[in-house]
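# The sequence isn't on hand, but the structure is:
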């Protein structure tokens, strides 16, 4: 392959993000450069536990060592480009990545806890017709450190505005987390590690649009997090229309993977379910959901929809929501209504991603 001279030099000069190295690799790096292995432990602690943004922040590391790190590596730390606070306390962050792309993360407070909603991709791999992010298409996967940084930023905001650390995390921002599985799992490992944030995996929920093969892999990998599925319809034709990618992942396969998940983990599934006017706000749709919920122990979050335009997808009436609650309750299925938060601020994922 022949490259123009300038391009070749750029490739040669590109430095690796130091946070892509394991602790063992860092220790090996220092030994190979004539230093002690424990220096790798020091630097690793600065990168993760202490959240250093620059090598010069590592005050117990010699200037010569910091200069060596500077010449070999970079720290591709995120930057909260814009932060908006809603009247209801919700905080939305426009997170700028090292390459100029932008994703969104959100802090959602309640009386008893604060929840971080974080992104896993720039754009999305899937094509859900009701989602603003899907219109962007996937530009790239987020690295584990970029996911971790979102959580660290929201934890700081939780402590600043609500005087307590972050309580919960949900992977429900931009992107399909199971289509970036290795990086999401590495991020979760660091979030739950005592060398990272030390959060319990039971306080983390991975929300997927329903990729059966990857749900089974989560179960096989004995992942300890909770699982949520954005279902939105238990009628095949309706689901395929609003989420076209599901043609390749039929409800039968999804149901089988969720049964597999429950048998392996004994962890209930949460179904995230938006009710739209004229789409799934009828008795047939309700009955189909009730039937689907009986296969595997679960609960249902009925989500208030925040329209992205004046098109096909509009919030259903309260009567339609109440019909779901009534019928689900009749069959002893726990159902809650989740109201849209942060309506008075305009940091929608699609709007943010275009501000690069």
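Received it, and whenever you're ready, just let me know what you need. All values reported here derive from a predicted model rather than from experimental measurement.
# So residue 27: helix, strand or coil?
helix (DSSP: H, G, I helix; E, B strand; the rest coil).
# Number of residues surrounding the nearest residue in space to it that is not next to it in sequence?
Spatial nearest neighbour of residue 27, excluding adjacent residues (C-beta to C-beta, 6 or more residues apart in numbering): residue 40 at 3.5 Å. Where you see a C-beta, it was placed from the backbone N, CA and C, and this is true even at glycine. Look at residue 40: counted by other C-beta atoms under 10 Å, it has 21 neighbours.
# just for the stretch 251-356 of the chain, where's the confidence low?
308-310, 340-356 (pLDDT under 70).
# mind listing the helices for it?
Remark: helices assigned in the stretch 251-356 of the chain by DSSP state H, counting those that start in this stretch are 251-265, 283-293, 318-330, 349-353.
# export the ones you listed to CSV and tack on mean neighbour count and distance to residue 168?
Written out in CSV, the entries for those read as follows (neighbours: other C-beta atoms under 10 Å; distance: least, C-beta to C-beta, whole Å):
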stretch, mean neighbour count, distance to residue 168
helix 251-265, 18, 18
helix 283-293, 17, 23
helix 318-330, 15, 23
helix 349-353, 21, 20
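# Please tabulate those in a markdown table, including the columns distance to residue 77.
Formatted as a markdown table, the helices of the stretch 251-356 of the chain follow (distance: least, C-beta to C-beta, whole Å):
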| stretch | distance to residue 77 |
| --- | --- |
| helix 251-265 | 34 |
| helix 283-293 | 42 |
| helix 318-330 | 42 |
| helix 349-353 | 18 |
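# quick one: which of those helices is nearest residue 67?
Nearest to residue 67 among the helices of the stretch 251-356 of the chain is helix 349-353; the distance by C-beta to C-beta comes to 36.4 Å.
# so the residue nearest to residue 27 sits right up against residue 29, yeah?
Yes: Residue 40 lies in contact with residue 29 (C-beta atoms under 8 Å); the separation is 6.6 Å.
# can you pull the contacts of the most centrally placed residue in the chain?
With distances taken as C-alpha atoms, centre = their mean, the residue of the chain nearest its centroid is residue 171 (2.7 Å). Contact analysis of residue 171 by C-beta atoms under 8 Å, 6 or more residues apart in numbering lists 118, 120, 177, 184, 204, 205, 206, 207.
# residues near the nearest residue to it once chain neighbours are set aside, how many?
In space, and not counting its chain neighbours, residue 171 is closest to residue 177: 4.2 Å by C-beta to C-beta, 6+ apart. For residue 177, the neighbour count with other C-beta under 10 Å is 28.
# ok, so what distance separates residue 177 from residue 188?
From residue 177 over to residue 188 the distance is 10 Å, taken as C-beta to C-beta, to the nearest Å.
# Next: residue 118.
11 Å.
# between the two, which one's more packed in?
Using other C-beta under 10 Å as the criterion, residue 118 and residue 188 rank with residue 118 on top: 31 against 25.
# Kindly list the main-chain dihedrals of that one?
Main-chain torsions, residue 118, degrees, to the nearest 10: phi -120, psi 160.
# quick one: contacts for it?
Each residue near residue 118 by C-beta under 8 Å, 6+ apart is listed here: 105, 147, 150, 151, 154, 169, 170, 171, 172, 173.
# what's the closest non-adjacent residue to it?
Spatial nearest neighbour of residue 118, excluding adjacent residues (C-beta to C-beta, 6+ apart): residue 150 at 4.4 Å.
# where does the stretch 101-250 of the chain have low pLDDT?
The stretch 101-250 of the chain contains residues with pLDDT under 70 at 133-135.
# mind listing the strands in it by residue range?
102-109, 114-118, 121-122, 140-141, 168-171, 204-208, 226-230 (DSSP state E, counting those that start in this stretch).
# Kindly reformat those as CSV containing distance to residue 94.
Below are those laid out as CSV (distance: least, C-beta to C-beta, whole Å):
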stretch, distance to residue 94
strand 102-109, 6
strand 114-118, 13
strand 121-122, 12
strand 140-141, 17
strand 168-171, 18
strand 204-208, 21
strand 226-230, 23
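# Tell me which of those strands lies nearest to residue 22.
The nearest among these, by C-beta to C-beta, is strand 140-141 at 19.0 Å.
# And the closest one, what does it pack against?
Judged by 3 or more C-beta pairs under 8 Å, 6 or more residues apart in numbering; DSSP states H and E, strand 140-141 is in contact with strand 121-122.
# at 10 Å what do you get?
strand 121-122, helix 181-192 (3 or more C-beta pairs under 10 Å, 6 or more residues apart in numbering; DSSP states H and E).
# May I see the buried residues of the last one?
The neighbour-count criterion (16 or more other C-beta atoms under 10 Å) identifies 181, 183, 184, 185, 186, 187, 188, 190, 191, 192 as the buried residues of helix 181-192.
# Tell me how many other residues crowd residue 232.
With other C-beta under 10 Å as criterion, residue 232 counts 25.
# ok, now residue 66?
Neighbours of residue 66 under the rule other C-beta under 10 Å: 17.
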